[in-house]
Each structure stands twice: as C-alpha cells, then as structure tokens.
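Colleague: What follows is a protein structure lacking sequence information:
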C-alpha cells in the first residue's frame, strides 16, 4: 500500500481495525490509574499529559506558519497587481 493511500485511509471518518477504539475512550488523560496512584502516593504534582500538550503546540505552530505564508503570498499578489497597474 502506498504512502498516499495509507494516509487517505487514515483520514477517513470511519476508522478500520485497532484505530476504531479511539472513539471509545471516555477520558482525555492517558494512564488514569497510574496518575491517581502517583497522586495518592505523595509523588510530586505535575501534568502527566505533556505529549498531548506538545502536539497541540505543534499543531498551533503549523497553523500559524501556514496562515503567515498565505498572508505573505496575498501581499505579494496585491503588490504585484499594484505595480502592474502603474505601468
């Protein structure tokens, strides 16, 4: 199976196989029992969901870069159109 076909199948709304259990998850935090064990044991308080937070930051950064790229392209198109109307 090619990369493009696999990527297309992964982005379909209906997931096939082991990925379909993602909809069954009721909590947003992973390893809930382990985290509660650490809290009751007096382990330092910290956010255990660092990976998901870093993914959200990366996604936000990608969107910000894409938005700035679209803005720059639009700016170049507008300035080129102005320059063409002057000549």
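Modeller: Received the coordinates, thanks. Every value quoted in this text rests on a predicted model; they were computed, and no experiment measured them.

Colleague: Only the buried residues of stretch 73-83, if you could.
Modeller: Using 16 or more other C-beta atoms under 10 Å as the burial criterion, none of the residues of stretch 73-83 qualify. (Glycine included, C-beta is placed from N, CA and C.)

Colleague: tell me the average confidence for it?
Modeller: Mean per-residue pLDDT for stretch 73-83: 95.

Colleague: before we move on, what about stretch 54-68?
Modeller: Mean predicted lDDT for stretch 54-68 stands at 95.

Colleague: Residue 32 and residue 39: what is the separation?
Modeller: Residue 32 sits 11 Å away from residue 39, going by C-beta to C-beta, to the nearest Å.

Colleague: likewise residue 63?
Modeller: Using C-beta to C-beta, we find residue 63 at a distance of 34 Å from residue 39.

Colleague: now swap in residue 85 and tell me
Modeller: For residue 85, the distance to residue 39 - C-beta to C-beta - is 66 Å.

Colleague: now swap in residue 50 and tell me
Modeller: From residue 50 to residue 39 the distance is 16 Å (C-beta to C-beta).

Colleague: Going by how many neighbours each has, rank the two and give me the top one.
Modeller: It is residue 39, of residue 50 and residue 39, that has more neighbours when counted by other C-beta atoms under 10 Å, with 13 against 9.

Colleague: This protein: helices as residue ranges?
Modeller: 3-10, 32-40, 50-86 (DSSP state H).

Colleague: Out of these, which is the most enclosed?
Modeller: helix 32-40 (a mean of 11; mean count of other C-beta atoms under 10 Å).

Colleague: now for that helix, which elements pack on it?
Modeller: Applying 3 or more C-beta pairs under 8 Å, 6 or more residues apart in numbering; DSSP states H and E, one finds that helix 32-40 makes contact with no other helix or strand.

Colleague: Give me the average confidence score over that helix.
Modeller: In this model, helix 32-40 has a mean pLDDT of 74.

Colleague: 28 is where my numbering starts, stick with that
Modeller: Renumbered: residue one is now 28, and that last one reads helix 59-67.

Colleague: any idea how far residue 77 is from residue 84?
Modeller: Relative to residue 77, residue 84 is positioned 10 Å away (C-beta to C-beta).
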